[in-house]
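*Asks:* Would you be able to build a 3D model of this:
(chains A and B)
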Number of protein chains: 2
Amino acid sequence: MTETSSNPGVVIDDPSDERLAVFMGLRDHKLRQLRERPGGDMAGSFIGEGDVVIDRALRSGHHLECVLVDRARTEKTQALDLPSFPDTADVFLAGPDVLQKVAGRPELRDPIACFVRPPEQSAVDLLDASRTVLVTEGVNNPTNMGVIMRCAAGLGIEAVLFDPTSCDPLYRRAVRVSMGEVFSIPHARIDHLPQALSSLTEAGYATFALTPDANAEDISKLRIELTQKIALVLGAEGPGLTDETMAACDRRLRIPMKAGVDSINVGTAAAVAFYALGQARG
Amino acid sequence: MTETSSNPGVVIDDPSDERLAVFMGLRDHKLRQLRERPGGDMAGSFIGEGDVVIDRALRSGHHLECVLVDRARTEKTQALDLPSFPDTADVFLAGPDVLQKVAGRPELRDPIACFVRPPEQSAVDLLDASRTVLVTEGVNNPTNMGVIMRCAAGLGIEAVLFDPTSCDPLYRRAVRVSMGEVFSIPHARIDHLPQALSSLTEAGYATFALTPDANAEDISKLRIELTQKIALVLGAEGPGLTDETMAACDRRLRIPMKAGVDSINVGTAAAVAFYALGQARG
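*Replies:* Model (predicted):
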């Protein structure tokens, strides 16, 4: 986004304008996630906020449908001092009433963009193309999912498979927290854990459950052949993995922790585990 | 907190009741932090919220001054179904108007407790008693500070020194995010970085700056003598360490990262670095 956009945009001051439909209900996190799921009325879209995220989405080839910006922001700068939005995108210059309805306040710092959701990737294809993958079960907190996607991209995870009880990595808050790194790491929905673990085994993966259980293997002692495919299986903070999924994994790994401290935040535990797996390959 | 409290509490329904003073202004994060600083009018207190945090604060010997609970919660359970607060603490059973003023909503799930702030610890004492410490510069986001304190406690950091531009580890949000682990790790305020680094050197510490700079040493290649004292010096996400502090450190370390990903969240970077330092000691 080195140039200023040539897309002049269209002013929208009426909060009931139909073109704003995709930006409505952003603050009802649960409902919004349901609507963006497969089968939902917004299943074809995802939301990205802020210049960094929008830039990374565009660079990674996502199609921008429309973007909402604060009209006052463009007026203040005299020119349309905005990222270089494609000419094919609708740029909505929103007035204070519109922003109040969408964002709950009459001004907006970060543009809110609506992108076409890319076609679902096939888990089988991702497994073929990768050597180290992450599988999540019940990681339903969008902030944690965003932290995990950002670390995964930086620390050598090549693909993420998420179960139906995990947060959609393209959900707005997860995208934002990931700083747009979610676009650099392929991810696919899997229908059911622990059943999906058998597909992993068939594809040649060793499956490692991450757990705080003191009886599990110390991840720092792990040694992995360079060519061995591995899947790290991660549950939510608190409940952790279900008993079924834990039992279906080949091995159980723990991060060595000081006595008396039972666990660390799931995002930081994931980061340490990603790093440790990289080290285990030597 | 295995028993029910014998402390019956006192009902407060008037939001202007003077006994509520310590609970006022909780939602103005910046002002509250200023008021709790040395020299501030609330410098003698800190706030802890929720059963886990309050329990851990009590177990680690902190003195509970007073605690605010939702009156409706106690009425619903017929008995005072609350943690076992010491008899010396004032238990305020707050009505909806009080809760609205304090918490911005008329009900309260987690009790809010005000503790006596323990005396400031001496950095010199902490350095004498430790082998691996963390020094923070400009880590001013309370959530990040909380995540870092929780990881530090779990991953072998024995003490934390924080500079005046870092968040107070006993600030409410940091305490909450740390899940009360902040009480298990000694911490001390240092007046100025990079000057304080010379005290570390005098005390026998090797100082390691953490940086995303690709020219820094790979932390995974680090080997440390078992008895070598080390201080990891950590800056804020975004700006990182100041040039002066960076220059004053003995060595600069980076977490090995996939090409194209510039950095990960400061909390997760800290966690990986803590783990890697533990491994470097072998």
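
*Asks:* In contact with the closest residue to residue A:116 other than its chain neighbours, which residues are there?
*Replies:* Nearest residue to residue A:116, sequence neighbours excluded (Cβ to Cβ, 6 or more residues apart in numbering or on different chains): residue A:63, at 4.2 Å. For every residue, glycine as well, the C-beta is placed using N, CA and C. Residue A:63 makes contact with A:88, A:115-116, according to Cβ atoms under 8 Å, 6 or more residues apart in numbering or on different chains.

*Asks:* among these, who's most crowded?
*Replies:* Neighbour counts for those, by other Cβ atoms under 10 Å in any protein chain shown, peak at residue A:115, which reaches 25 neighbours.

*Asks:* Give me the three-state assignment for that residue.
*Replies:* Secondary structure for residue A:115, judged by DSSP: H, G, I helix; E, B strand; the rest coil, is strand.

*Asks:* so what pLDDT did it get?
*Replies:* For residue A:115, the pLDDT comes out at 97.

*Asks:* Contact residues of chain A facing chain B?
*Replies:* A:147, A:150-151, A:153-156, A:181, A:184, A:220, A:255-258, A:260-261, A:263-265, A:267-272, A:275-276, A:278-279 (Cβ under 8 Å from any Cβ of the partner chain).

*Asks:* rerun at 7 Å
*Replies:* A:147, A:150-151, A:153-156, A:181, A:220, A:257-258, A:261, A:264-265, A:267-268, A:271-272, A:275-276, A:279 (Cβ under 7 Å from any Cβ of the partner chain).

*Asks:* What about the residues you listed, which are in helices?
*Replies:* Among those, the members falling in helices (DSSP state H) are A:147, A:150-151, A:153-154, A:267-268, A:271-272, A:275-276, A:279.

*Asks:* which pair in the residues you listed spans the largest distance?
*Replies:* Across those, no pair lies farther apart than A:147 and A:279, at 20.5 Å, counting by Cβ to Cβ.

*Asks:* The two: who's more crowded?
*Replies:* Legend: neighbour count by other Cβ under 10 Å for residue A:147 and residue A:279, higher for residue A:147 (26 against 18).

*Asks:* doesn't residue B:265 make contact with that one?
*Replies:* Yes: assessed by Cβ atoms under 7 Å, residue A:147 is found in contact with residue B:265 at 5.7 Å.

*Asks:* Which single one of the ones in helices among the residues of chain A next to chain B is nearest to residue A:226?
*Replies:* Nearest to residue A:226 among those: residue A:279, at 12.7 Å, using Cβ to Cβ.

*Asks:* show me the contacts for the closest one.
*Replies:* Shown in contact with residue A:279 (Cβ atoms under 7 Å, 6 or more residues apart in numbering or on different chains): residue B:220.

*Asks:* Over to residue A:265?
*Replies:* When contacts are counted by Cβ under 7 Å, 6+ apart, residue A:265 is found next to A:237, B:147, B:150.

*Asks:* Confirm for me that the second one is in contact with residue B:267.
*Replies:* Yes: taking contact to mean Cβ under 7 Å, the distance of 3.4 Å between residue B:147 and residue B:267 places them in contact.

*Asks:* So for these two, which residues contact both of them?
*Replies:* In contact with both residue B:147 and residue B:267: residue A:268, using Cβ under 7 Å, 6+ apart.

*Asks:* Check chain A and tell me which residue is nearest its centre.
*Replies:* residue A:169 (2.5 Å; Cα atoms, centre = their mean).

*Asks:* quick one: pLDDT of that one?
*Replies:* Residue A:169 carries a pLDDT value of 97.

*Asks:* Correct me if wrong, but it is in a helix.
*Replies:* No: Residue A:169: not assigned to a helix; according to three-state DSSP it is coil.

*Asks:* quick one, what contacts it?
*Replies:* Residue A:169 is in contact with A:145, A:149, A:160, A:162, A:182, A:187, counting by Cβ under 7 Å, 6+ apart.

*Asks:* okay, the residue nearest to residue A:116: pLDDT?
*Replies:* Looking at residue A:63, the pLDDT reads 96.

*Asks:* One more: the one 5 residues further on?
*Replies:* Note for residue A:68: predicted pLDDT of 95.

*Asks:* Would you agree it is in contact with residue A:92?
*Replies:* Yes: contact criterion Cβ under 7 Å: residue A:68 and residue A:92 qualify, at 4.9 Å.

*Asks:* between those two, which one's more packed in?
*Replies:* When residue A:68 and residue A:92 are compared on other Cβ under 10 Å, the one with more neighbours turns out to be residue A:68, at 29 against 23.

*Asks:* Could I get the phi/psi values of that one?
*Replies:* Here is the backbone geometry of residue A:68 (degrees, to the nearest 10): phi -110, psi 120.

*Asks:* Under the pLDDT cut-off, which ranges of chain A? List them.
*Replies:* A:1-6, A:75-84 (pLDDT under 70).

*Asks:* can you list the domains in it?
*Replies:* Domain assignment for chain A by automatic domain parsing gives A:10-116, A:123-280.

*Asks:* Please identify the deepest-packed of the ones you listed.
*Replies:* Comparing the domains of chain A by mean neighbour count (mean count of other Cβ atoms under 10 Å in any protein chain shown), domain A:123-280 ranks first with a mean of 20.

*Asks:* still on that earlier bit, show me which pair in the contacts of residue A:169 is furthest apart.
*Replies:* By the measure Cβ to Cβ, A:162 and A:182 form the most distant pair in those, at 11.2 Å.

*Asks:* show me the contacts for residue A:162.
*Replies:* A:136, A:169, A:187, A:189.

*Asks:* ok, now with 10 Å
*Replies:* A:123, A:134-140, A:145, A:148-149, A:168-169, A:187-190, A:193, A:234 (Cβ atoms under 10 Å, 6 or more residues apart in numbering or on different chains).

*Asks:* Which residue is the nearest non-sequential neighbour of the residue in the stretch 101-250 of chain A positioned nearest to chain B?
*Replies:* Closest to chain B within the stretch 101-250 of chain A is residue A:154: 4.0 Å, counting by Cβ to the nearest Cβ. The shortest distance from residue A:154 to any non-neighbouring residue, by Cβ to Cβ, 6+ apart, is to residue B:261 (4.0 Å).
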